[in-house]
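Chemist: After the sequence you'll find the predicted model.
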Amino acid sequence: QVQLIESGGGLVQAGGSLRLSCATSGRTFSSYTMGWFRRAPGKERDFVAAFSWSGGSSFYADSVKGRFTISRDNAKNTVYLQMNSLKPEDTAVYYCAARRYGTYWNQADYEYWGQGTQVTASS
């Protein structure tokens, strides 16, 4: 059974930092791109960041460039999202996802999803 399990969400003051983790199990994701998406209250789910597991390339939404960093630990089968200088507008449920084919920012191309973790940045 394939599982993606996010953790690390919580409440933080604006300007603070959090690190999200996405632990994978059930298969080897070495040939998959791993992505983070988020859904803010009352909004659609949007792309945040992605990491090409095999190629080592990373991609970011303009709104998080310079503040968020995606990385992975192959030995632990885990993907991370380091979030610095958090803003109230970063408040959302954050989802980890995995895909083999398609476009890194297109959530419809992602095959596997986690259950989400809440991040709240208070002003």
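Modeler: Right, received. Where do you want to start? Numbering: from 1, shown residues only.

Chemist: helices or strands up against the least confident helix or strand in the chain by mean pLDDT?
Modeler: Sorting the helices and strands of the chain by mean pLDDT, DSSP states H and E puts strand 68-73 at the bottom, at a mean of 92. With contacts taken as 3 or more C-beta pairs under 8 Å, 6 or more residues apart in numbering; DSSP states H and E, strand 68-73 sits against strand 33-39, strand 45-52, strand 58-60, strand 78-83. Where you see a C-beta, it was placed from the backbone N, CA and C, and this is true even at glycine.

Chemist: Can you point out the buried residues in the longest one?
Modeler: So the one you mean is strand 45-52. Arg45, Phe47, Val48, Ala49, Ala50, Phe51 (16 or more other C-beta atoms under 10 Å).

Chemist: For stretch 42-57, measure first residue to last.
Modeler: Start-to-end span of stretch 42-57 (C-alpha to C-alpha, to the nearest Å) is 31 Å.

Chemist: Would you mind checking the average pLDDT for that stretch?
Modeler: The average pLDDT within stretch 42-57 is 89.

Chemist: any residues touching that stretch, and which ones?
Modeler: Defining contact as C-beta atoms under 8 Å, 6 or more residues apart in numbering, one finds that stretch 42-57 is touched by 29-40, 58-61, 64, 68-72, 74, 79, 81, 92, 94-95, 104-107.
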